[in-house]
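Undergrad: Kindly return the folded structure for what I paste below:
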Amino acid sequence: METVNMQSAQEVLDLLIKFGAEYGLKIIGAILILIVGRVAAGLGRKLVKKGLERTKVDAAVTSFVGSLIYIAILTFAVLAALAKFGIQTASFVAVLGAASFAVGFALQGSLGNFASGVLILLFRPFRIGDFVEAAGVMGTVKDIHLFTTLLATVDNVQIIVPNGKLYGDIIKNYSANNTRRVDMVIGISYGSSIRKAAEILQNLIQEDKRILSDPSPTIAVAELADSSVNFVVRPWVNKEHYWDVKFDFLRNVKERFDESGIEIPFPQRAVHMVTPQGPV
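TA: Numbering: from 1, shown residues only. Here you go, the predicted structure:
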C-alpha cells in the first residue's frame, strides 16, 4: 500500500515538474507582462491627465480620457499575457470589435452627443455664463455636461439641449467679444429738420459715458422711406452695457425729440369714401 502511495506521489511530482518546465516560464512571463502593463496603464493615465490639465480641459473630459487610456493599455497587456500561452487573441479582438460596433450602432445618438460634448469642452466655442444662440434657442449657458448643455432663457426657463444638435448648428456667442455695437434705426418726419435731429442724436451719444469713443459711433441718414427719414445710430459699448444703453437711448431720443418739436412719424392711412354723388 505504501509502495502504491509512493508511486502515485512520484507521478504527481513528475507531472508538476513537467508542467512547471513547460508552463513555468510562460506563467512568470505572463505575470510580468500584467505587472508591467498595469504600471504602464497607470503611468499613461497620469501623464494624459497632467497634459490635459495644463491645457485647462474640463475635469470630466480629463477623467474620461485618462480612464480610456488606462483601459486600452491594460487590455493590450491582458492580450499579450494570453498570447504567451499560445492562445489565439485574434478571435478575442474580433469579438470585441463586433461587440463595440453593435453597442456603437445602438447608441449612435448618445455617442454623437458625447463626442460633441467632448469637442465643446476641448475647443470652447462658449463657456459657462456666455449668452449664446444655437439650435433654435437663445439663453445663458448654465452648465456643460458630456451629453447635454443647460441654458437659461432671459425669462429664466431652463432648456436642455443635446450637444450633438448644439455643436452641429451655427453658434452665435454674444459674450465672446468685450465690446458690441448697438444698432438702432430712428425715423423722423419729412417736415422735421435733419440737421437738428442729427445734432440731438450726437449730443445724446456724447452725454452717455457708457458709449465708447473708440470705435467711433455712426450717425447717418440711411433711408428715405415711405413716411419717414430714417437715421441709423450705431454706438459701441462694453458687452455688459448693451441692453441698458439701447433702452435708455431710445427713451431719451423720444423725450428730446418731443422737447425740440421733431416728429417721429407713425403709419397712417388715408381713406377716401365714394358716394353716388362723388368722392367725399
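
Undergrad: so the residue nearest the centre of the chain, which of the three states?
TA: A centroid search over the chain (Cα atoms, centre = their mean) returns Ile120, at 3.8 Å, as the residue closest to the centre. Remark: Ile120 carries the secondary structure label helix [criterion: DSSP: H, G, I helix; E, B strand; the rest coil].

Undergrad: Do I have it right that it meets Tyr167?
TA: Yes - contact status for Ile120 versus Tyr167: in contact at 5.7 Å, counting by Cβ atoms under 8 Å. (Each C-beta comes from the backbone N, C-alpha and C, glycine too.)

Undergrad: Any stretches of the stretch 101-250 of the chain with poor pLDDT?
TA: Applying pLDDT under 70 to the stretch 101-250 of the chain flags the ranges 101-110.

Undergrad: what about the strands in it?
TA: Per DSSP state E, counting those that start in this stretch, the stretch 101-250 of the chain has strands spanning 131-134, 137-144, 148-152, 158-162, 172-173, 179-181, 184-188, 211-212, 218-224, 229-234, 236-238. These are given in chain order.

Undergrad: which one of those lies closest to Lys246?
TA: The closest of the strands of the stretch 101-250 of the chain to Lys246 is strand 184-188. By Cβ to Cβ, the value is 6.8 Å.

Undergrad: ok and that closest one relative to strand 229-234, angle-wise?
TA: Taking axes from the mean of the first three to the mean of the last three Cα atoms, to 10 degrees, strand 184-188 and strand 229-234 form an angle of 150 degrees between their directions.

Undergrad: packing partners for strand 184-188?
TA: For strand 184-188, the helices and strands in contact under the criterion 3 or more Cβ pairs under 8 Å, 6 or more residues apart in numbering; DSSP states H and E are helix 194-207, strand 229-234, helix 242-260.

Undergrad: Please render those as CSV that adds distance to Ile31 to the earlier fields.
TA: Compiled in CSV, the helices and strands packed on strand 184-188 are given as follows (distance: least, Cβ to Cβ, whole Å):
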stretch, distance to Ile31
helix 194-207, 79
strand 229-234, 74
helix 242-260, 66
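
Undergrad: so which of the ones you listed is the most packed in?
TA: Among the helices and strands packed on strand 184-188, ranked by average contacts under mean count of other Cβ atoms under 10 Å, first place goes to strand 229-234 (a mean of 18).

Undergrad: For Arg124, what are phi and psi?
TA: The phi/psi pair for Arg124 (degrees, to the nearest 10) reads phi 50, psi 60.

Undergrad: Quick one: neighbours of it, just the number.
TA: Residues near Arg124, counting by other Cβ atoms under 10 Å, number 15.

Undergrad: and it, how far is that from Val137?
TA: Using Cβ to Cβ, to the nearest Å, one obtains 19 Å as the distance from Arg124 to Val137.

Undergrad: Kindly report the same for Asn203.
TA: Asn203 sits 39 Å away from Val137, taking Cβ to Cβ as the criterion.

Undergrad: likewise Ser227?
TA: Distance from Ser227 to Val137, counting by Cβ to Cβ: 36 Å.

Undergrad: So which of these two has more stuff around it?
TA: Using other Cβ under 10 Å, the more surrounded residue of Ser227 and Val137 is Val137, with 16 against 11.

Undergrad: residues in contact with the closest residue to that one other than its chain neighbours?
TA: Closest residue to Val137 in three dimensions, ignoring its sequence neighbours and counting by Cβ to Cβ, 6 or more residues apart in numbering: Ile159, at 5.2 Å. Contact criterion Cβ atoms under 8 Å, 6 or more residues apart in numbering gives 137, 139, 150-153 as the residues in contact with Ile159.

Undergrad: Thanks again, I'm all set now.
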